[in-house]
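In: sharing a model that was predicted from the sequence below.
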Amino acid sequence: MDHRSQQLSAPVCSFSQLLSSTRRGARLARLLAVTELHAWNAPQGITERAELVVAELAANAALHGRVPGRSFRLTLAFDPSADRLRVEVTDARGDLWPRLPPTDAEPGALRTEGRGLLLVSALADHWDTVSYPPSGKTVRAVLSRGLTP
């Protein structure tokens with residue numbers, strides 16, 4: 001086997017932190033995400049979009065996913081060779097999943113619920129929610145350099 005023909009790709013950068021399910025914890029999640037992305041030299045476009053996505057998902061975890069005495073987890077995985085970031089926010093409320101507001105809702109009729117998920121949908125390449133046993137959920141969003149708001 002010719003070792004010269006193998007291309008080495010940059011390693012995936014990762015970060016994971018438990019945070020209190022409070023407004024302060026949500027703010028800290030945003031600040032930590034931006035700090036890590038800067039340290040990894042992530043593209044500015046991904047960093048700016050990630051700041052908003054993390055802020056929304058962390059706020060949702062602190063507000064809607066809160067279980068007294070339980071924290072939420074922020075996880076970031078950045079692949080510099082693909083300019084691709086995966087954001088994951090895991091909380092303890094597996095019984096309450098995020099939902100987008102109805103597509104036929106009038107903009108002025110939207111309450112505060114769901115508007116942040118519209119922002120996540122606009123900024124992320126895609127997002128979804130998966131179960132996190134035994135009783136939680138993880139909301140995941142993927143951002144890449146190719147998508148511009």
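Out: Thanks, I have the structure now. Numbering: from 1, shown residues only.

In: pretty sure residue 102 belongs to a strand, no?
Out: No - read with DSSP: H, G, I helix; E, B strand; the rest coil, residue 102 is coil and lies in no strand.

In: next, count neighbours for it.
Out: Here the number of neighbours of residue 102 (other C-beta atoms under 10 Å) works out to 10. In this view, the C-beta of every residue, glycine as well, is placed from N, C-alpha and C.

In: give me the low-pLDDT residue ranges for the protein?
Out: 1-11, 103-114, 146-149 (pLDDT under 70).

In: mind checking how far residue 30 is from residue 139?
Out: Between residue 30 and residue 139 the computed distance is 15 Å (C-beta to C-beta, to the nearest Å).

In: where's the nearest residue to residue 138 once chain neighbours are set aside, which helix or strand?
Out: The shortest distance from residue 138 to any non-neighbouring residue, by C-beta to C-beta, 6 or more residues apart in numbering, is to residue 90 (4.3 Å). Per DSSP states H and E: residue 90 is located in strand 84-91.
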